[in-house]
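Colleague: Build the 3D model from these lines:
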Amino acid sequence: MIIKKNIARLLLLTIVICNGSLAYAQSDSLVLPLWKNGAPGFENRKDEPEEAKDYWIKNINNPSVTVFFPAPEIANGTAILICPGGGFRLLVFKAEGVDPAKFLNKLGITAIILKYRLPREPNSPYSLNIQPAEDAYRAMRLVRSHAKEWKIDTDRLGMLGFSAGGEVVDAIAFNAGEGNPQAADPIDRLNGRPDFIIQIYPGPLFIPDQVPHWAPPALFIAGNEDTCCSVSVISLLEKYRLAKASVEAHIIAHADHGFNMGYRSNLQSIKSWPQLMTNWLQDSKLISR
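Modeller: The predicted structure is shown next:
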């Protein structure tokens with residue numbers, strides 16, 4: 001009798017633990033591959049394992065999105081696709097993916113981290129001019145396809161890019177992004193252009209010669225000592241102003257590259273840059289005050 005009672009207690013404890021783990025997984029994040037059968041033309045690489053250590057992830061052959069949902073009571077319908085940096089050699093997944101996602105969740109925003117393929121990784125089969133944009137378009141369309149289920153306003157889906165992730169944003173932000181109405185996959189029929197963009201020390205690739213007047217409203221932030229990417233911000237700012245498109249930019253004194261969400265810096269301006277983003281989101285009526 002005692003043995004039966006102990007077995008029953010063990011089973012009950014197992015059920016509680018399993019249910020608790022499931023609830024945590026559902027409330028914390030959801031991972032979806034961009035393509036069910038693998039990336040077009042590279043389906044045979046779908047099951048190759050990723051490499052991950054400390055702050056980075058590499059060897060991404062089955063690109064995916066990781067979705068972080070805000071608490072239902074503060075969710076506001078705005079969603080942001082986050083593109084971490086890493087020079088197309090790796091992804092700075094925690095500091096430029098998970099950390100900003102959790103910050104955005106506190107603002108009621110659904111945050112989606114994109115794991116895109118890395119053309120500059122050693123022996124990579126991917127092209128810098130093709131796969132990052134292909135992954136970004138597909139991710140935007142995939143998110144829009146889940147808009148009703150995830151309670152997202154399809155007119156308030158933006159992108160946030162850090163460093164090389166900013167280059168991924170630029171690769172698609174200034175094109176029409178129209179889907180193919182004849183596509184066999186209904187996801188590919190949807191629009192892939194972001195409704196707004198946020199660029200944190202974006203790299204110089206894929207900045208267009210001209211920004212169209214309908215360019216998505218933009219926020220740009222970089223450090224003045226960042227010889228690579230403060231120039232990108234200045235270039236984009238000038239092009240936006242010439243196009244008379246909505247833009248805000250901040251060049252922060254004494255700051256260099258790679259300050260992530262600011263918590264590791266001794267500079268007060270860097271520590272508080274996420275508040276600049278919050279202010280812009282509020283002023284742009286993408287979140288409430």
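Colleague: going forward, measure contacts and count neighbours with C-alpha atoms only.
Modeller: Will do.
Colleague: Same question for His250, what's its three-state structure.
Modeller: strand (DSSP: H, G, I helix; E, B strand; the rest coil).
Colleague: can you pull up the bridge partners for it?
Modeller: Ile221 (DSSP bridges).
Colleague: Could you do Phe68 as well?
Modeller: Ala111.
Colleague: list the contacts for it?
Modeller: Ser27, Asp28, Ser29, Leu30, Ala101, Lys102, Asn105, Thr110, Ala111, Ile112 (C-alpha atoms under 8 Å, 6 or more residues apart in numbering).
Colleague: Surely the last one touches Leu81?
Modeller: Looking back up the chat, that one is Ile112. Yes: counting by C-alpha atoms under 8 Å, Ile112 does reach Leu81; the two are 4.7 Å apart.
Colleague: more crowded one of the two?
Modeller: More neighbours surround Ile112 than the other of Ile112 and Leu81, with 30 against 27 (other C-alpha atoms under 10 Å).
Colleague: mind listing what the more buried one touches?
Modeller: Val65, Thr66, Val67, Phe68, Ala79, Ile80, Leu81, Ile82, Ala101.
Colleague: helix or strand right after the helix-or-strand element of the chain with minimal mean pLDDT?
Modeller: Taking mean pLDDT, DSSP states H and E as the measure, the chain has helix 2-28 as its least confident helix or strand, at a mean of 38. Next along the chain after helix 2-28, taking DSSP states H and E as the criterion, comes strand 30-33.
Colleague: What is that next one packed up against?
Modeller: Applying 3 or more C-alpha pairs under 8 Å, 6 or more residues apart in numbering; DSSP states H and E, we find strand 30-33 packed against strand 64-68.
Colleague: that older thread, would you check the contacts of Phe68 and say which has the weakest pLDDT?
Modeller: Lowest in pLDDT among those is Ser27, which has 45.
Colleague: Tell me where this protein has helices.
Modeller: 2-28, 99-106, 131-145, 147-150, 164-173, 229-243, 268-271, 273-283 (DSSP state H).
Colleague: quick one on the thing from earlier: could the contacts of Ile112 go into CSV alongside distance to Asn180?
Modeller: CSV is the format used below for the contacts of Ile112 (distance: C-alpha to C-alpha, whole Å):
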residue, distance to Asn180
Val65, 22
Thr66, 25
Val67, 25
Phe68, 28
Ala79, 23
Ile80, 23
Leu81, 21
Ile82, 24
Ala101, 30
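Colleague: quick one: which of those is nearest Phe88?
Modeller: Nearest to Phe88, judged by C-alpha to C-alpha, of the contacts of Ile112 is Ile82 at 14.8 Å.
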